[in-house]
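[1] pasting a predicted model and its sequence here:
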Amino acid sequence: FIFLFFYFFIFYFTFSLFALCSLDINFLKVYSYNFLKFSFFYKNKKDKDF
């Protein structure tokens with residue numbers, strides 16, 4: 001599970017670099033904020049399951 005999350009983080013990091021080159025910076029900020037919110041929510045949900 002940790003390797004899957006690490007692979008997803010690398011994929012998101014490369015996608016964020018690509019978005020920084022091609023898209024607007026405000027869009028990148030909103031997208032990264034939503035990603036952090038989702039990751040914290042997912043982590044809390046996993047902690048509650050155990």
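    Yep, it's here. Residues are numbered from 1 along each chain as shown.
[2] relative to K45, how far out is S16?
    The gap separating S16 from K45 is 23 Å, by CB to CB, to the nearest Å. (Each C-beta comes from the backbone N, C-alpha and C, glycine too.)
[3] who's more crowded, those two?
    Higher neighbour count among S16 and K45: S16, with 15 against 9, using other CB atoms under 10 Å.
[4] wait, that one touches S32, no?
    Yes: if you go by CB atoms under 8 Å, S16 and S32 touch, sitting 6.5 Å apart.
[5] okay, now the unreliable bits of this protein?
    Scanning the chain with the threshold set as pLDDT under 70 gives 1-2, 19-26, 28, 46-50.
[6] mind listing the helices for it?
    Under the criterion DSSP state H, the chain carries helices at the ranges 2-22, 25-49.
[7] now the last one and helix 2-22, what's the angle there?
    What that stands for is helix 25-49. Using axes from the mean of the first three to the mean of the last three CA atoms, to 10 degrees, the direction of helix 25-49 lies 170 degrees away from that of helix 2-22.
[8] what is helix 25-49 packed up against?
    Secondary-structure packing of helix 25-49 (3 or more CB pairs under 8 Å, 6 or more residues apart in numbering; DSSP states H and E): helix 2-22.
[9] spatially nearest residue to F35 (excluding sequence neighbours)?
    Using CB to CB, 6 or more residues apart in numbering and skipping residues adjacent in sequence, the residue nearest F35 is Y12, 6.5 Å away.
[10] burial of the one you found, as a residue count?
    15.
[11] over to F11?
    With other CB under 10 Å as criterion, F11 counts 10.
[12] can you check S32 too?
    Other residues near S32 come to 13 when the count uses other CB under 10 Å.
[13] same thing with F41?
    Quick note: F41 (other CB under 10 Å) scores 10 neighbours.
[14] do the same with F35
    14.
[15] so it touches F13, yeah?
    No: taking CB under 8 Å as the definition, F35 is not a contact partner of F13, at 10.5 Å.
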